[in-house]
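[1] build the 3D model from these lines:
(4 chains)
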Protein chains: 2
Amino acid sequence: MKLPVATEWALHCATSLAQLEVGTTASAADLAEYFGLPAAYLAKQLQALTRAGVLAATTGPRGGFRLGRAPADITLLQIVEAVDGTSAPYECREIRQQGRGALPDSWCRHECILAVKMADAHQAWRANLDAVTLADILDELPPTAPARTRKLLGRGPSQAH
Amino acid sequence: MKLPVATEWALHCATSLAQLEVGTTASAADLAEYFGLPAAYLAKQLQALTRAGVLAATTGPRGGFRLGRAPADITLLQIVEAVDGTSAPYECREIRQQGRGALPDSWCRHECILAVKMADAHQAWRANLDAVTLADILDELPPTAPARTRKLLGRGPSQAH
DNA sequence: GAGGTTCTACTCGGATAGTTAGTGTCCGAGTCGCCATGG
DNA sequence: CCATGGCGACTCGGACACTAACTATCCGAGTAGAACCTC
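    Presented below is the predicted three-dimensional model:
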């Protein structure tokens, strides 16, 4: 059971984008340079986050990614499942109904107790991540962090003239 | 994040072995036929369970696997981590200290808050599985299940003469 | 008939190939901003 | 000087190779049991 490495990338990128002024964007290349990551592969993950509604993408010059919802409405679970998928790690293949010792159907009216317990644990994991929002994360950062992030990463909308 | 298919095998094999009389063993080939699984690969997983102390192995004729401890002292977590390893699914690679936006060391005195939250969720998952023992599972099975399992799978110690 | 010995067959255990999912990369479609041009 | 049209560059989006882990398999070391032989 191993989460993709990109999970960490997604969490940090979302946290950084949450620190920018509303209306401000950062391109995939900017974020890649900011964290020292492969740009193309990071872009792939940001696309997944966009499909999930966590981020919103704008094309063209001065375009890039920004948060798709308010930080208080984005949970860590949504970010993790956007890049890793929503399927449960334990998949019951009903081996109790296979082989020489296959149980009769009458014994399988209820779901396999082992699968239930594994699903319960997974739900506990999900609930734990779903209880933490990006707003909660921002509260834990040093007060000077947003200003620093904006300086190094932020890029405001067209402000010429 | 995906658990190996062998996780289900391990859980069901341990549950079945827990239903046998004490002193009774079942070989890897027996269990493989009982569940309709590839024998050699299943044996590899049973070896892992043996290394973890969940099972105990006996070689030679009439040998095989049996529970290494009392069912009440074996938790689902021990079985799962025996086959999947104990490493956490989320591995923090400290990308906050890499790239253009690398944070200074003074900001990294505490562990990354995101890594903490991910670790918390993993611990919740582990605690959930560690709270369920094989004895708990046996209590949930139909009363007639152990007799059936013993009949189809069990193979008592030498009873010749 | 009893004991010892040998032998066989069965067990686990680790080392060796094949296949799927994650990782990394590339190129193309679309869009916004800038610049030159004309009024 | 201002409005407009065209152009260019930058952006995301999806399609194509490469690597690591899980899956599957084989053969070898060790041991308990049984058969056999001897006394």
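[2] could I have the CA atoms of the longest helix along chain A written out in PDB?
    As assigned by DSSP state H, the longest helix anywhere in chain A is helix A:113-130. Output of helix A:113-130 as PDB, limited to C-alpha atoms (Å, rounded to 0.1, in the frame of the first residue of the first chain):
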ATOM      1  CA  ILE A 113     -16.800  -9.900   7.700                       C
ATOM      2  CA  LEU A 114     -13.100  -9.400   6.800                       C
ATOM      3  CA  ALA A 115     -14.000  -7.100   3.900                       C
ATOM      4  CA  VAL A 116     -16.300  -5.200   6.300                       C
ATOM      5  CA  LYS A 117     -13.500  -4.600   8.800                       C
ATOM      6  CA  MET A 118     -11.100  -3.600   6.100                       C
ATOM      7  CA  ALA A 119     -13.700  -1.100   4.700                       C
ATOM      8  CA  ASP A 120     -14.300   0.300   8.200                       C
ATOM      9  CA  ALA A 121     -10.600   1.000   8.600                       C
ATOM     10  CA  HIS A 122     -10.500   2.700   5.200                       C
ATOM     11  CA  GLN A 123     -13.500   4.800   6.100                       C
ATOM     12  CA  ALA A 124     -11.800   5.900   9.300                       C
ATOM     13  CA  TRP A 125      -8.800   6.900   7.200                       C
ATOM     14  CA  ARG A 126     -11.000   8.900   4.800                       C
ATOM     15  CA  ALA A 127     -12.900  10.600   7.700                       C
ATOM     16  CA  ASN A 128      -9.700  11.600   9.200                       C
ATOM     17  CA  LEU A 129      -8.500  13.300   6.000                       C
ATOM     18  CA  ASP A 130     -11.900  14.700   5.300                       C
END
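[3] what does it contact?
    By C-beta atoms under 8 Å, 6 or more residues apart in numbering or on different chains, the residues outside helix A:113-130 that reach it are A:75-78, A:80, A:88-90, A:92, B:8, B:11-12, B:15, B:76, B:117-118, B:120-122, B:124-125, B:127-129, B:132, B:137, B:140-141. From N, CA and C alone the C-beta is placed, and that goes for glycine too.
[4] list the contacts for the spatially closest residue to residue A:101 that is not a sequence neighbour?
    The shortest distance from residue A:101 to any residue other than its chain neighbours is 4.1 Å, reached at residue B:34 (C-beta to C-beta, 6 or more residues apart in numbering or on different chains). With contact set as C-beta under 8 Å, 6+ apart, residue B:34 has these partners: A:99-101, B:16, B:26, B:152-153.
[5] likewise for residue A:6?
    Here residue A:6 is in contact with A:41-42, A:45, A:83 (C-beta under 8 Å, 6+ apart).
[6] what is the burial count for residue A:120?
    15 (other C-beta atoms under 10 Å in any protein chain shown).
[7] so which helix or strand takes in residue A:93?
    Counting by DSSP states H and E, no helix or strand carries residue A:93.
[8] most distant residue from the centre of chain A?
    residue A:100 (43.1 Å; C-alpha atoms, centre = their mean).
[9] what are the phi and psi angles of that one?
    The phi/psi pair for residue A:100 (degrees, to the nearest 10) reads phi -60, psi -40.
[10] that one is in contact with residue B:29, isn't it?
    No - at 11.3 Å, residue A:100 does not count as touching residue B:29 under the criterion of C-beta atoms under 8 Å.
[11] give me the neighbour count for residue A:105.
    8.
[12] how near is it to residue A:96?
    Computed as C-beta to C-beta, to the nearest Å, the residue A:105 to residue A:96 distance reads 11 Å.
[13] what ranges does chain A have for its helices?
    For chain A, helices defined by DSSP H occupy the ranges A:6-18, A:28-35, A:39-51, A:76-84, A:113-130, A:134-140, A:145-152.
[14] pick the most deeply packed of the ones you listed.
    helix A:6-18 (a mean of 24; mean count of other C-beta atoms under 10 Å in any protein chain shown).
[15] what about residue A:34, distance to residue B:55?
    49 Å.
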